[in-house]
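**Q** For reference, the sequence and a predicted model appear below.
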Amino acid sequence: MAYPYEHRRGTRVLSKYFGDWDAVRIDGWIARGGYKTLKKALKMSQDDIIQVVKDSGLRGRGGAGFPAGLKWSFMPKDGGGTNYLACNADESEPGTFKDREIMRWTPHQLIEGIIITSYAIRAQHAYIYIRGEFVDVVRALNGAVVEAYERGYLGKNILGSGYDLELTVHLGAGAYIAGEETGLLNSLEGRRAEPRLKPPFPAQRGAFGMPTTVNNVETLASVPHIVENGADWYRQWGTEKSPGTKLFSCCGHLKRPGNYEVALDFNLKELVFDLCGGPPDGREMLAIIPGGSSVPIMTVDEIDCDVSYEGIEAAGSFLGSGGLIAMDNSTCMVHAVRKMVDFYAHESCGQCTNCREGTAWLARILRRIERGQGREEDIPLLLDIGANMAGKTICPLSDSAAVPVVSSIQKFEHEYMAHIRDGSCTAVR
Amino acid sequence: MSDAMHPAIVSAQPSQRADSDPDAPLFEGEYKDRFEKMLTRYPEKRAALLPTLNLAQEVRGWLAPEAMARVAELLDLTPAYVRSVASFYTMFATRPTGKYLIQVCAGIGCDLCGAEDVTERLLELTKTRLGETSEDGKYTVVEVECLGGCGFATIVQVNDQVYENVKAEDVEGLLKELD
Ligand SMILES: Cc1cc2nc3c(=O)[nH]c(=O)nc-3n(C[C@H](O)[C@H](O)[C@H](O)COP(=O)(O)O)c2cc1C
Ligand code: SF4
Ligand code: FES
């Protein structure tokens, strides 16, 4: 079966074997060139691997876009204690479903990336922290881990190199905040997934008090391609500041929702209207959220930009996780924002007052506006609460919760006013 | 050898609905082996807490106070600590659920594509209210946050089975398939 989201204008590096059942198991993966790069990497020095990843400009795909090679270079090299790699497979940012696709179609692509990265940062144990809801993905991943052990790609003295690595798939149990890297570390240690104050950063004091690198699934899956083909090859795509390709999970009101991989200088409008086919027939596109529910909402007029980190930022939003949410004119904006805020209110870990109370208040006020019981003062009140939630807390969840509220009021205030003044909704049904 | 028995594999299936004898020891036979293996994968005992709770839920179907107390004992933790961690995570069931735990995604992606209609239809056909178990003990319908499949909306998960692209009109067939 051809992968349904294949498009002639996409660039398939990570997603090349999505839809190919034979690529899931290790023999099929090796037949497609898998684990060749691992053999090459184990003959390279750790510093050379870090350098090529630095030169490639690969940026973290979990949302923050931090340069991967630079992050690795913070790990201590002396080898005194244990270093850890934690692969962040918690994927719970609403609108994001790309890591799931990498893991279910190409689990060995991820495992190869994890082994190479672990070797480069001198880690002795790697954990894949995967959200517990991903039952089918866990089965695929566990099967792949067993295969990798059986072939000698994991365990003691990997491929005769003298390098030892253990890999453990660790299931979460339902908590969005476990996706925040220090929340993840607490959760891995058997605690509530409450984010920690930084510094110390994970590279200084991470899992079990030891130096730890946390990277997203897509970041790690990109590593074998870069080590195999070099930094210049990777830089044939994208821009100076955003090299390479990226998966966009596209959902909402689209003719062809799904995961599309494009070069990072691809045009956002074309992604929405050409690859995803635009809104269903008879509807008009209203708004786009390009990078998961934590980034500002864009009006459809604002999306003629490239999808690079800096391109989307200049257009007023962020690339984030690449979870694109499309809303057409049948959307009630107040309802959609309320849904997103409900999520943050539910997922706030409660450590910071501004976040715990702010999210609850936003949700309550939005609910009454949605029901037609809002007041005009509610708009400045929402903005005021939002302002008090930004930049004042242990982790950025609090900021994220205010983003859809503030950006939607800036761009769609008339929709709020229709609810407040007339008890009506501008959505076209 | 099943994957679960491989020395490196520690993950349990907390979404499975087992109903073992509540008076039997928590982990016996294969489960005891799996629990002991969990301890070898972490430098500290406490780190095995989530996997152990997942395993306990795989065995019992939910986490009764006695099961959590037993987990505490096994990991040298206090029962209060175990409860405080377990209650933080939504997947740990601290109440028994129906034979079929039906989770409907209420995230923004599915919501835009009609998730509320799916939930409504499910409640209508199972004759339950949200979060409650039907009188015959068969169904518990709950709304959950984004399940990571937003492009294939609506996502419905029944125990450990994931259904994609569910529309309100598919619900009747889906329920029939369960029986
Ligand atoms: C509230 C919150 C939730 C997050 N959830 C995820 C997640 O599910 N997956 C992920 O990879 N990163 C997530 N992140 C980002 C991580 O903290 C971290 O930056 C990332 O895993 C680092 O990997 P990268 O550099 O490869 O992107 C989240 C951050 C915050 C603040
Ligand atoms: S900002 Fe919110 S989620 Fe983050 S640590 Fe504070 S209370 Fe927890
Ligand atoms: S919103 Fe339903 S799976 Fe993401």
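**A** Structure received. Ligands and ions are numbered 1, 2, ... in the order given.
**Q** So which elements touch the strand ranked longest in chain A?
**A** Secondary structure of chain A read by DSSP state E shows that its longest strand is strand A:245-252. Using 3 or more CB pairs under 8 Å, 6 or more residues apart in numbering or on different chains; DSSP states H and E, the elements in contact with strand A:245-252 are helix A:98-105, strand A:258-263, strand A:323-328, helix B:108-112. No exception for glycine: its C-beta is placed from N, CA and C like everyone else's.
**Q** again, only this time at 7 Å
**A** strand A:258-263, strand A:323-328, helix B:108-112 (3 or more CB pairs under 7 Å, 6 or more residues apart in numbering or on different chains; DSSP states H and E).
**Q** which one of the ones you listed lies closest to ligand 3?
**A** helix B:108-112 (3.2 Å; CB to the nearest ligand atom).
**Q** which parts of the helix or strand following that closest one are buried?
**A** Later in the chain than helix B:108-112, the nearest helix or strand by DSSP states H and E is helix B:115-126. Within helix B:115-126, the residues scored as buried using 16 or more other CB atoms under 10 Å in any protein chain shown are B:115-116, B:118-119, B:121-123, B:126.
**Q** Run through the residues that contact the residue in the stretch 101-250 of chain A that ligand 2 sits nearest to.
**A** Ligand 2 sits closest to A:Pro195 of the stretch 101-250 of chain A, with a gap of 4.2 Å, by CB to the nearest ligand atom. Contact partners of A:Pro195, counting by CB atoms under 7 Å, 6 or more residues apart in numbering or on different chains, are A:177, A:180, A:182-183, A:349, A:394-395.
**Q** And A:Trp29, by the same measure?
**A** The neighbourhood of A:Trp29, defined by CB under 7 Å, 6+ apart, consists of A:23, A:108.
**Q** Would you mind measuring from it to A:Leu167?
**A** 16 Å (CB to CB, to the nearest Å).
**Q** On the three-state scheme, A:Gly391 is what?
**A** Following DSSP: H, G, I helix; E, B strand; the rest coil, we place A:Gly391 in the coil state.
**Q** What about the nearest residue to A:Lys36 once chain neighbours are set aside, how many residues nearby?
**A** Nearest non-adjacent residue to A:Lys36, counting by CB to CB, 6 or more residues apart in numbering or on different chains: A:Glu228, 7.1 Å away. Residues lying near A:Glu228 (other CB atoms under 10 Å in any protein chain shown) number 17.
**Q** Quick check: phi and psi at A:Glu228.
**A** phi -70, psi -50 (degrees, to the nearest 10).
**Q** Quick check: pLDDT value at it.
**A** On the pLDDT scale, A:Glu228 is placed at 98.
**Q** Now do the SS call for the residue of chain B found nearest ligand 2.
**A** Proximity of chain B to ligand 2 (CB to the nearest ligand atom) peaks at B:Phe88, 11.3 Å away. In three-state terms, and counting by three-state DSSP, B:Phe88 is coil.
**Q** which residues does it contact?
**A** B:Phe88 touches A:175, A:192-193, counting by CB under 7 Å, 6+ apart.
**Q** again, 6 Å this time
**A** A:Arg192 (CB atoms under 6 Å, 6 or more residues apart in numbering or on different chains).
**Q** Where does the prediction get shaky in chain B?
**A** B:1, B:16-20 (pLDDT under 70).
**Q** Let's see that with 80 instead.
**A** For chain B, residues meeting the criterion pLDDT under 80 lie at B:1-2, B:13-23.
**Q** same question, the stretch 151-300 of chain A
**A** For the stretch 151-300 of chain A, no range has pLDDT under 80.
**Q** near chain B, which residues of it?
**A** A:168-169, A:171, A:173-175, A:189-190, A:192, A:208, A:249, A:251-252, A:257-258, A:293 (CB under 6 Å from any CB of the partner chain).
**Q** Thanks a lot, see you next time.
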